[in-house]
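*Asks:* just to be clear, the model below is a prediction. Sequence and coordinates:
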Amino acid sequence: RLQVAADATWQGAPAALPDVYGLLLTLNRGAIVHTTKLAGLILDSSMEQEAHASSGSAEANAYAREIMRAHGLPLARPTEILTDNLANEQVASGKGYSSRSRHFLRRYFALMQRVQRGEAVMVKVSDEQNPADFLTKHVPMKRRRMSVDYAENTRNSVTRARTGEATGAADAATASRADA
């Protein structure tokens, strides 16, 4: 299952810190792309900044889907793009129209086309549930650890057996075949 989480900061008018956005693209809950970038644009609203992050996520998703198709693994379902900005999710999904977004919808159109073609589906999540949140701001250690564990798919890590964690039946079967 392919999934993308996106997050962004928006400081507003001249700010001490630059705006950034982050994206985390996972395949079967393991990170295959993760990045934090300077926004590079002066944007008028948090929704516009989140849309910039979601558009970048949709672009990375399009590349990943094409690579999977080329390897004979086409995806039947659209990829979830997680966002913690409700207006961003509603406009990208065609559920709503933000009057403050009219001036930038032209740039936003590529994301909307990808949603309409069924390549992606926008999903609203809370800040606490957004695994890309730690890429754009300081978060408490517990949340950062949960996000990193998600990105690294620690729960299903092969290295668990090497560190002394309990192994599953499949690991035991592999070990017994190796001994034979």
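*Replies:* Ah, there it is. Numbers count the residues shown, from 1 in each chain.

*Asks:* ranges for the strands of the protein?
*Replies:* 2-8, 20-27, 30-38, 79-83, 120-124 (DSSP state E).

*Asks:* which strands and helices sit next to the longest one?
*Replies:* With contacts taken as 3 or more Cβ pairs under 8 Å, 6 or more residues apart in numbering; DSSP states H and E, strand 30-38 sits against strand 20-27, helix 46-70, helix 141-152. The C-beta positions use only the backbone N, C-alpha and C, and glycine is treated the same way.

*Asks:* buried ones in the longest one, by neighbour count?
*Replies:* Using 16 or more other Cβ atoms under 10 Å as the burial criterion, the residues of helix 46-70 that qualify are 46-58, 60-62, 64-65.

*Asks:* roughly how far does Pro140 sit from Thr26?
*Replies:* For Pro140, the distance to Thr26 (Cβ to Cβ, to the nearest Å) stands at 22 Å.

*Asks:* those two: which has the busier surroundings?
*Replies:* Thr26 (22 against 10; other Cβ atoms under 10 Å).

*Asks:* and the closest residue to Val139 other than its chain neighbours, what does it touch?
*Replies:* Nearest residue to Val139, sequence neighbours excluded (Cβ to Cβ, 6 or more residues apart in numbering): Asp133, at 5.8 Å. Taking Cβ atoms under 8 Å, 6 or more residues apart in numbering, we find Asp133 in contact with Asp7, Asp84, Asp127, Val139, Arg143, Ser147.

*Asks:* for the last one, give me its contacts.
*Replies:* The neighbours of Ser147, taking Cβ under 8 Å, 6+ apart as the test, are Pro131, Ala132, Asp133, Phe134, Val139.
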